[in-house]
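> structure, please.
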Amino acid sequence: MSVSKPVIIPGDYQHRAATRGPAVQRFWHYTKRLAIDRYLPPEPRDFILDAGCGSGVITSYLGESGARVIGLDPNPESIDFATRTFARGNVTFVNSEIDQLSLDRPMDKIYNLEVVEHLSAASGHEMFRRFYGALRPGGQLFLTTPNVRSLWPLIEWAVDRTGLVHADIGEREVEFRAREIG
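Model prediction:
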C-alpha cells in the first residue's frame with residue numbers, strides 16, 4: 001500500500017524555483033538550507049534519507065557534507081532530473097514510495113520537507129510509521145511544512161495569482177487540511 005498518491009509536476013520544478021524562480025521562491029528554498037544548518041545539519045558519517053526529494057536540490061545539499069544520502073520520490077520525472085543533475089558517489093536517487101524502499105541499514109536522519117501537507121491523515125500516519133521503522137535508535141527526523149496559521153498561505157496565494165509559479169503547480173501545491181489539524 002502506498003502512503004500517498006504522487007503529485008506529478010515537472011521533474012526540474014524545485015530546481016528551477018530555487019535557482020531561477022521569482023525572488024520569493026528562491027528565498028523560500030534558501031531558507032530550507034538555513035533551517036537544516038541550524039537545526040539538524042548533516043554529518044559526514046550520516047546515512048540520510050530525503051523522503052519526497054523532488055528534483056534533488058536538498059538531497060544534493062545534504063550530500064555536500066560527505067554523508068551518504070538517498071533521495072526518494074514517487075515522481076519518475078523528478079528522479080530522472082535529480083539523477084542526471086546531482087547523482088554522485090555518496091548521493092543516489094530512487095523512484096519509489098517510502099513503503100517500497102529497501103535499506104541496507106537503518107537511517108541516521110530522515111529529512112521530509114513540505115510533503116506531509118499533501119497527505120491525508122491516514123497516509124501521513126503511515127508515513128510516520130515507516131519513518132520510525134527506518135530510523136536507527138536515536139535517529140532524527142527533520143520535517144517542515146508551511147504553517148497554515150502564518151502569512152505563508154496568503155503569500156503563496158498571491159504568488160499563484162500573479163502567474164509567477166508554474167501553471168500546473170497552482171492547483172496542486174499546498175493543500176491544507178484544516179479540518180484534520182484542528
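> what are the pairing partners of the lengthiest strand in the chain, and which direction each?
Ranked by number of residues, the top strand in the chain under DSSP state E is strand 135-144. Sheet pairing of strand 135-144 (DSSP bridges) gives strand 107-113 (parallel).
> follow-up on the earlier one: how about residues contacting the longest strand of the chain?
32, 35-36, 39-40, 105-114, 116, 131 (CB atoms under 8 Å, 6 or more residues apart in numbering). All C-beta atoms are positioned from the backbone trio N, CA, C, and that covers glycine.
> where does the protein have low pLDDT?
When residues are selected by pLDDT under 70, those of the chain lie in 1-8, 147-148, 150-157, 159-160, 162-182.
> mind listing what's buried along stretch 112-119?
Across stretch 112-119, burial judged by 16 or more other CB atoms under 10 Å covers Asn112, Leu113, Glu114, Val115, Val116, Glu117, His118, Leu119.
> which residues in this protein form helices?
13-19, 23-39, 57-63, 76-86, 121-134, 152-162, 167-172, 178-181 (DSSP state H).
> in a markdown table, list the ones you listed along with distance to Ile70.
Below are those laid out as a markdown table (distance: least, CB to CB, whole Å):
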| stretch | distance to Ile70 |
| --- | --- |
| helix 13-19 | 17 |
| helix 23-39 | 16 |
| helix 57-63 | 8 |
| helix 76-86 | 11 |
| helix 121-134 | 10 |
| helix 152-162 | 28 |
| helix 167-172 | 25 |
| helix 178-181 | 29 |
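> single out the most deeply packed of the ones you listed.
Stretch with highest mean neighbour count among the helices of the chain: helix 57-63 (a mean of 25; mean count of other CB atoms under 10 Å).
> which secondary structure elements does that one contact?
When contacts are defined as 3 or more CB pairs under 8 Å, 6 or more residues apart in numbering; DSSP states H and E, helix 57-63 packs onto helix 13-19, helix 23-39, strand 47-51, strand 68-73, helix 76-86, strand 91-95, strand 107-113.
> can I get these in TSV with distance to Gln140?
Listed next are the helices and strands packed on helix 57-63 as TSV, based on distance: least, CB to CB, whole Å:
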stretch	distance to Gln140
helix 13-19	23
helix 23-39	9
strand 47-51	10
strand 68-73	14
helix 76-86	23
strand 91-95	19
strand 107-113	5
